[in-house]
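**Q** just to be clear, the model below is a prediction. Sequence and coordinates:
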Amino acid sequence: MEGFLGTIQHLPLAFSPENLAIVALGVFGGIIMGALPGISPTLAVALLVPFTFYMPAATGLIMLGAVYVAAVAGGSISAILINVPGAPADIATLFDGYPMAKQGHAQKALNMAFISTLIGGTFGMLVLITLTPPLAEFALRFGFSEMFWVAIFGVTVMASLTSESVPKGIISGVFGLLLGIVGMSPIYGVDLFVFHDVLFGGVHVICALIGLFAIPQVFGLIESIGLGRREVLYRPERGILWRSVWENIKKVKTWTIGMIVGTIIGIIPGAGGQIAGMVSYDWNKKLSRHPETFGTGDPEGVVAAMSSNSAMCGGSLVPLLTLGIPGSPTAAVLLGGLLINGLFPGPDILVKWSAVTYTFFAGLLLAEFALLAFGLIMSRYSHWVMNISNAFMAVGIIVLALIGTYSIQTSFNDVIIMFALGFVMYIAMKAGFAAAPMVLGVILGSIAQNNFGLGMIIAETQAGALIYFFTDNINVTLIILCVASTGIGLWMARRTAAKGRGRGRLTELVAGGIPLVVAGIMYLSLRDVSEPKAAVFPTILLAIMVALSLAILVPALWRKQPKTKEKGEVFPFSKVALFFVCMVTYVMAVKTLGFYLSSFLFLLIVPILIAKEKKLTITSGARNLGIAVGFTGILYLFFNMFFHVMTPTGVGF
C-alpha cells in the first residue's frame, strides 16, 4: 500500500511538461522501433541509455521505461501485418494475429492487441508498485534446479504449439535448445557444436528470431509475386474500435490468465516475455471451450499473448529494482540506465531514492495509457504497409534484418548465421516443421544448460542429482506442470488428428531422416569434448531427437503411396532461386561496398528483377529510384545520424 500511495503522491512530477513530452516521444518511438523486424526492445532501450546521462534521473528512466513497454507492444504490428514478430515477446501474437489480418481483420487484431496491452500492462505496473517486497522474496526461492525446470516447462509447451505434428513440434524445439548451447560453455569452459569459426560465439537469440521468422516469410512473399494473390487483405471497418473494446472486456478469463502468467514469469529472473506469451497462449488454448479455433484467427489468442507479455514488463522490474537481478534481457539493459543515473538497485531503493523511483512508477503508468492512444491511432493507418508490393516488402525486410542482426554485436558472423538459419527454416517449413518452437528452444537452451550444469555441481556436494532436481515443492510443482502440459498437448493433437496431415510419404521420410542424420553428426562431435559432464544435457536432447525422428520415419516407411496424386500448386523455383542469389550477393556486397550503398543498389535493382509483371517504364523506374533513395535516406538518418548505430563499412557511404 505504501508504494501505491507514494506513486500517487509523485504523480504531479510525472505530469510535468518535460516528463509528459518524454512519455509521448518514448512511446511513439518505441512503437516504431518495436514494429521494425530486428529492432528488439533490448536494442531499442540500449540505444537510448547513453542519452539519459544528460537528463534528470527520473526523466531518463521514464524515457527508457516508455520505450521498453512500447517496443514490446509495437512488435505486435509487424507480427500481425507481415508475420514477423518485432520482438521475441510477440511470437505468440502472430499465431492468431496474422491469420486475422489475412482474413481482412488487421485493424481489429491491432485494436485487440493494444487494448489487451493496456489491461495487462497496467496490472503488471500495479503489481510492481504495491507488491514488490513479497514478490521479490518469492523470486529468491528459485535456484538452479527450479530455473532448469522452468526452461523444461517452456519446452513442454512446444508440444502443442504446432497444429500439424507434435513430434515435429518437439523436434523443432529440441533443435532450438541445441542451437542455444552452441559455443563455449560458461560452466565447463569447453566448446559445444562449434563446427565452424562462425559458430564460435554461439547463436544469438535475435539472430535466431530474425532468421527463423523473417527470412522464411520473405521467401513466402517472393513465391506469391505474380500469382494474383495478396498475403494480407485490409478492409477498414466502421465502429470496429468500440466492438474491439467490448469484445476484449468480455474475455475476462483470457486476460486474467495472461496477466497472472505474465507477471509471475516476469518476476522470475531470466524468463522474459517470450516465455510469458507462449505459456499464456498455451494455457488459454487448453482451457478454452474451442481450442481448435486457436491459430486460425481467433482474437482470444491475440488477447492471451499481449495481456501476458505486457504484464511481464512490470513483473520484470520487481527483481531488478529490489535485488538488482533483471527479470528479462531488456530489464538487464535498464539496470545500466539505473546505474548511469546514480541509482543502485536493492531492498532500500524505495528509501534512498524514493522520489525518483515513485516518479518512475507514475511515468510507467502514464506510458501504458499513452501506448493505447498511439497504438490505436497507428493501427488505423496500418493499411499503408499493405499497399507496399511484395517485392519491395521482401527487399525491405532483408535490409532491416541485416542491420538489425549486425547491430547486436557488430559481428558479420551473426549475419551469416541469421541468413543460414532462415533459409534452412524455409526448407524445413515445407516439411511441416515450425519456427516458433525452435526460437523458444534457442531462448531456453543456455538457461537449461547452465542451470543443469550448476545444479549438477551442487548436487554432487549434497544427496545427489535425483534428490536435488526431483524434490522441493517448487520442483515438484514444475514437474507436474511439465507432465500435464505434454499430456494435454498430445491429447489435443490426437483429438484433432493433425499428425502428418497433408504430407506425402517422401516428405515424411525426409522430415524423419534429416533430423536423424543431424543428431548423429552432433553426437559424434560430443565425443571430442574434453569435459564429459558438459555433454550430458546435449546427449539427452539428442536421444529425444532420435526417438522422435524414428516416430516420424517408421510410420512413413510402412505407409502405402497413394495411386493418384492431387495436383498441387506450381512452385516458382526460378523466382526463389533468383532472389536467393540476389540475397547472397547483397550480403557479400555489404562487406565491400558498405551497408548504405549496397542497400541502395539492392532496393533499386532487385524489385525490378523479381517483379516481372510489368515492363519497366520511365514512371516505374523513377518510382523505384525514389523508393530506394527515400528508404536508404531514412535508414541513414535513423541509424547513422540519430542513434549512431554501427554498420558494416566499405567504400560506400
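**A** That came through, no problem.
**Q** list the contacts of D191.
**A** The contact partners of D191, taken as C-beta atoms under 8 Å, 6 or more residues apart in numbering, are G183, M184, S185, F200, V529. Just so you know, the C-beta spots here come from the backbone N, C-alpha and C atoms, and that holds for glycine as well.
**Q** let's see 7 Å
**A** Contacts for D191 (C-beta atoms under 7 Å, 6 or more residues apart in numbering) come out as G183, M184.
**Q** need phi/psi at it.
**A** phi -90, psi 140 (degrees, to the nearest 10).
**Q** please apply the same query to the one 3 residues further on.
**A** The phi/psi pair for V194 (degrees, to the nearest 10) reads phi -90, psi 80.
**Q** show me where the stretch 451-600 of the chain has helices.
**A** In the stretch 451-600 of the chain, the segments counted as helices under DSSP state H, counting those that start in this stretch are 465-470, 473-496, 505-526, 536-558, 573-593, 595-610.
**Q** select, out of those, the one closest to G65.
**A** helix 473-496 (29.9 Å; C-beta to C-beta).
**Q** just checking, what packs against that closest one?
**A** helix 144-157, helix 166-180 (3 or more C-beta pairs under 7 Å, 6 or more residues apart in numbering; DSSP states H and E).
**Q** next, the angle from the shortest one to helix 473-496.
**A** Using axes from the mean of the first three to the mean of the last three C-alpha atoms, to 10 degrees, one finds that helix 144-157 and helix 473-496 are set 10 degrees apart in direction.
**Q** same question for the longest one.
**A** Put simply, helix 166-180 runs at 140 degrees to helix 473-496, going by the same axes, to 10 degrees.
**Q** partner strands of the helix or strand that helix 166-180 is followed by and their direction?
**A** For helix 166-180, the following helix or strand on the C-terminal side (DSSP states H and E) is strand 183-184. Sheet pairing of strand 183-184 (DSSP bridges) gives strand 191-192 (antiparallel).
**Q** what is the strand or helix carrying M306 packed up against?
**A** M306 is part of helix 299-323, with elements assigned from DSSP H and E. Applying 3+ C-beta pairs under 7 Å, 6+ apart, one finds that helix 299-323 makes contact with helix 57-82, helix 93-102, helix 106-130, helix 132-139, helix 252-267, helix 273-287, helix 329-340.
**Q** out of those, which is closest to G297?
**A** Across the helices and strands packed on helix 299-323, closest to G297 is helix 93-102 (C-beta to C-beta), at 3.6 Å.
**Q** isn't M583 up against V399?
**A** No. With contact defined as C-beta atoms under 7 Å, M583 does not reach V399; the gap is 10.5 Å.
**Q** return the most buried member of the helices and strands packed on helix 473-496.
**A** Highest mean neighbour count among those (mean count of other C-beta atoms under 10 Å): helix 166-180, with a mean of 27.
**Q** which stretches of the stretch 251-400 of the chain have low pLDDT?
**A** Applying pLDDT under 70 to the stretch 251-400 of the chain flags the ranges 269-274, 323-329, 332, 346-348, 350-351, 382-388.
**Q** same thing with the stretch 1-150 of the chain?
**A** 1-6, 36-40, 43, 46-47, 50-51, 53-54, 132-140.
**Q** how about TSV for the helices and strands packed on helix 299-323, with distance to F573 and mean neighbour count added?
**A** As requested, the helices and strands packed on helix 299-323 are arranged in TSV below (distance: least, C-beta to C-beta, whole Å; neighbours: other C-beta atoms under 10 Å):
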stretch	distance to F573	mean neighbour count
helix 57-82	24	29
helix 93-102	25	26
helix 106-130	31	26
helix 132-139	52	16
helix 252-267	43	24
helix 273-287	34	27
helix 329-340	39	22
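**Q** among the ones you listed, which is nearest A373?
**A** A373 lies closest, by C-beta to C-beta, to one member of these: helix 106-130, at 9.0 Å.
**Q** and that closest one, what does it pack against?
**A** Looks like helix 106-130 contacts helix 2-9, helix 57-82, helix 93-102, helix 240-250, helix 252-267, helix 299-323, helix 354-380 (3+ C-beta pairs under 7 Å, 6+ apart).
**Q** between the fifth one and helix 299-323, how big is the angle?
**A** What it means is helix 252-267. 30 degrees.
**Q** which of the helices of the stretch 451-600 of the chain has the lowest average pLDDT?
**A** Within the helices of the stretch 451-600 of the chain, confidence is poorest for helix 473-496, with a mean of 76 (mean pLDDT).
**Q** got the CA positions of it in CSV?
**A** C-alpha atoms of helix 473-496 as CSV (Å, rounded to 0.1, in the frame of the first residue of the first chain):
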residue,chain,number,x,y,z
ASN,A,473,7.8,-28.1,-3.5
ILE,A,474,8.6,-25.8,-6.4
ASN,A,475,10.5,-28.5,-8.3
VAL,A,476,7.6,-31.0,-7.9
THR,A,477,5.1,-28.4,-8.9
LEU,A,478,7.0,-27.5,-12.1
ILE,A,479,7.5,-31.2,-12.9
ILE,A,480,3.7,-31.8,-12.6
LEU,A,481,3.1,-28.8,-14.9
CYS,A,482,5.6,-30.2,-17.4
VAL,A,483,3.9,-33.6,-17.5
ALA,A,484,0.4,-32.1,-17.6
SER,A,485,1.4,-29.7,-20.4
THR,A,486,2.9,-32.5,-22.5
GLY,A,487,-0.1,-34.9,-21.9
ILE,A,488,-2.7,-32.3,-22.8
GLY,A,489,-0.8,-31.3,-25.9
LEU,A,490,-0.6,-34.9,-27.1
TRP,A,491,-4.3,-35.5,-26.3
MET,A,492,-5.3,-32.4,-28.2
ALA,A,493,-3.2,-33.3,-31.2
ARG,A,494,-4.7,-36.8,-31.3
ARG,A,495,-8.2,-35.4,-31.0
THR,A,496,-7.7,-33.1,-34.0
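**Q** got the angle between that helix and helix 273-287?
**A** Using the same axes, to 10 degrees: helix 473-496 against helix 273-287 is 60 degrees.
**Q** and the residue nearest the centre of the chain, how far from I152?
**A** What sits nearest the mean C-alpha location of the chain, by C-alpha atoms, centre = their mean, is P88, with 1.5 Å. Distance, P88 to I152, by C-beta to C-beta, to the nearest Å: 19 Å.
**Q** rewinding a little: the helix holding M306: how far from the chain's middle?
**A** In terms of C-alpha atoms, centre = their mean, to the nearest Å, the centre of helix 299-323 is found 14 Å from the chain centre.
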